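[1] Sequence plus the predicted model coming up.
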Amino acid sequence: MEVPSILGFDLYSPQNYFDFLVRLTINLVAIFILGRKIYFKYRPNRDYFFTLLTFNIIVFFVCYLLNKVVLSLGFAFGIFAIFSILRYRTLTIPIKEMTYIFIAISVAIINALSANIIGLIEILAINAALVLIVYLLEPGRINNELFKIIRYEKIELIKPENHTALLEDLSNRTGLQIHKVDIGRIDFLRDTALIRAYYFPSNGEISNDFE
């Protein structure tokens, strides 16, 4: 009698369920530590935190299910190709946030597509190594740099030659020691620009801009 199956899952095979649940658990633990305990602790932006978790979980499910219909690892790299053409119509995503998103996708692919290639011990070791490396390399662990999103009206100060005056004006008006800025969208009709202003927190401040 043929065993019923859906997308390669034998419905009466406990081994399939056990393998799926173990890999899902490893993946969730890894992305929780990366997202909540590392990223959100040092760069607490709720929007990107949500993106990290949802990207990871969705990619894991897609890769794991489609891997059951005999797709090669080339499919996994297609995920990155799709991701590379996404366009966010907001302030440019900082390189560190892009790196975290890339890591979240990589963790999902490793955990979902490593069946019959490496064992669970190797998967645990890889996840642990990734988490440890990210933790050790996280710049915020040392200086805890934060930022504010500011709609700035003195548009003449965004010129490169006025950089020092821009930092001084922002520091005076916000009361923060602004040491670096990224210029985002410029609106010449309203003479405003979106600026990401970076500073080091004081008095135990741990939260970033809500935007």
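    All right, it came through fine. Residues are numbered from 1 along each chain as shown.

[2] Flag every buried residue along the longest helix along the chain.
    Secondary structure of the chain per DSSP state H: the longest helix is helix 46-67. Using 16 or more other CB atoms under 10 Å as the test for burial, helix 46-67 gives 48-49, 51-53, 55-57, 59-60, 62-67. C-betas here are computed from N, CA, C, even on glycine.

[3] what's the answer for stretch 96-113, then?
    96-97, 100-101, 103-113.

[4] Check stretch 118-138 too.
    Applying 16+ other CB under 10 Å to stretch 118-138 flags 123, 126-127, 130-131, 134, 138 as buried.

[5] What lies in contact with stretch 152-161?
    162, 165-166, 169-170, 183, 186, 188, 191-195 (CB atoms under 8 Å, 6 or more residues apart in numbering).

[6] now residue 42: how far from residue 160?
    For residue 42, the distance to residue 160 (CB to CB, to the nearest Å) stands at 29 Å.

[7] Between these two, which has more neighbouring residues?
    residue 42 (20 against 7; other CB atoms under 10 Å).

[8] Starting from residue 51, give me the distance back to that one.
    Residue 42 is 16 Å from residue 51, by CB to CB.

[9] Can you find which strand in this protein contains the most residues?
    strand 178-187 (DSSP state E).

[10] how about residue 177, phi and psi?
    phi -90, psi 80 (degrees, to the nearest 10).

[11] Enumerate every residue touching the residue nearest to it when sequence neighbours are not counted.
    Using CB to CB, 6 or more residues apart in numbering and skipping the chain neighbours, the partner closest in space to residue 177 is residue 199 (5.5 Å). Counting by CB under 8 Å, 6+ apart, residue 199 touches 145-148, 174, 176-179.
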